[in-house]
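Trainee: Sequence and predicted model, in that order:
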Amino acid sequence: MNRWEMRDDMVILLVSVLAKACDCDTKAYLLQLLNLVQSSMFLTNHLTSYLNRLERMTQADLCSQLKNIIKLFSTLLRTYPNRYDTVPLANLKCATEALSAEGQLDGEAILNEVEELIELKKEKIEELERKEREKMERRNRPRKFEGKTI
């Protein structure tokens with residue numbers, strides 16, 4: 001482990017805390033926390049690296065940890081849809097598919113949740129694109145000024 005990597009137990013702890021925070025009733029504090037996470041090295045480097053090493057965990061710990069990661073990713077996508085590119089969904093999908101193929105992931109539930117997360121990402125991207133098109137259309141419409149088109 002180089003000095004820039006985070007130990008797996010710290011990643012597990014942080015993901016667990018963040019997943020718990022996603023259930024928080026005080027949305028202002030959740031937004032402050034997620035604002036820090038959405039562009040952090042934790043999300044872009046440490047968690048991505050951790051997802052590539054998931055096969056070392058026991059099956060019970062693995063399902064629990066994957067559910068926490070899915071909850072975190074889902075909350076991030078819903079809260080900050082324009083930051084979809086920072087959420088390492090591809091790594092999560094690859095990890096869950098590999099674990100399933102190796103027989104370490106019991107059942108289809110986690111795989112289905114990951115697919116739903118990918119669909120959510122697509123929906124958010126389409127929504128952002130639609131809003132951008134609408135914004136451009138509003139800008140390009142002729143304006144009326146005292147009954148005259150400008």
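Mentor: Sure thing, it's come through.
Trainee: Report all helices and strands that the top helix by length along the chain contacts.
Mentor: The longest helix of the chain (DSSP state H) is helix 109-140. If contacts are counted by 3 or more C-beta pairs under 8 Å, 6 or more residues apart in numbering; DSSP states H and E, helix 109-140 sits against helix 59-79, helix 89-101. The way it works is simple: take the backbone N, C-alpha and C, and place the C-beta from them, glycine included.
Trainee: Adding mean pLDDT, write these out as a markdown table.
Mentor: Output for the helices and strands packed on helix 109-140, formatted as a markdown table (pLDDT from 0 to 100):
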| stretch | mean pLDDT |
| --- | --- |
| helix 59-79 | 90 |
| helix 89-101 | 90 |
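Trainee: What separation do you get for the residue sitting nearest the centre point of the chain and Gln38?
Mentor: The centre of the chain sits closest to Phe73, judged by C-alpha atoms, centre = their mean, with a distance of 2.6 Å. Distance of Phe73 to Gln38, computed by C-beta to C-beta, to the nearest Å: 11 Å.
Trainee: re the thing from before, could you tell me the angle between the longest helix of the chain and helix 89-101?
Mentor: On the basis of axes from the mean of the first three to the mean of the last three C-alpha atoms, to 10 degrees, helix 109-140 is oriented at 160 degrees to helix 89-101.
Trainee: Any idea how far stretch 6-15 is from the middle of the chain?
Mentor: 17 Å (C-alpha atoms, centre = their mean, to the nearest Å).
Trainee: would you put the C-alpha positions of that stretch in CSV?
Mentor: Taking C-alpha atoms only, stretch 6-15 is exported to CSV below (Å, rounded to 0.1, in the frame of the first residue of the first chain):
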residue,chain,number,x,y,z
MET,A,6,-6.7,4.4,2.2
ARG,A,7,-6.9,1.1,4.2
ASP,A,8,-9.9,-1.0,3.4
ASP,A,9,-11.2,-0.8,7.0
MET,A,10,-11.3,3.0,6.7
VAL,A,11,-13.1,2.8,3.4
ILE,A,12,-15.7,0.4,4.9
LEU,A,13,-16.1,2.7,7.9
LEU,A,14,-16.5,5.8,5.9
VAL,A,15,-19.0,4.2,3.4
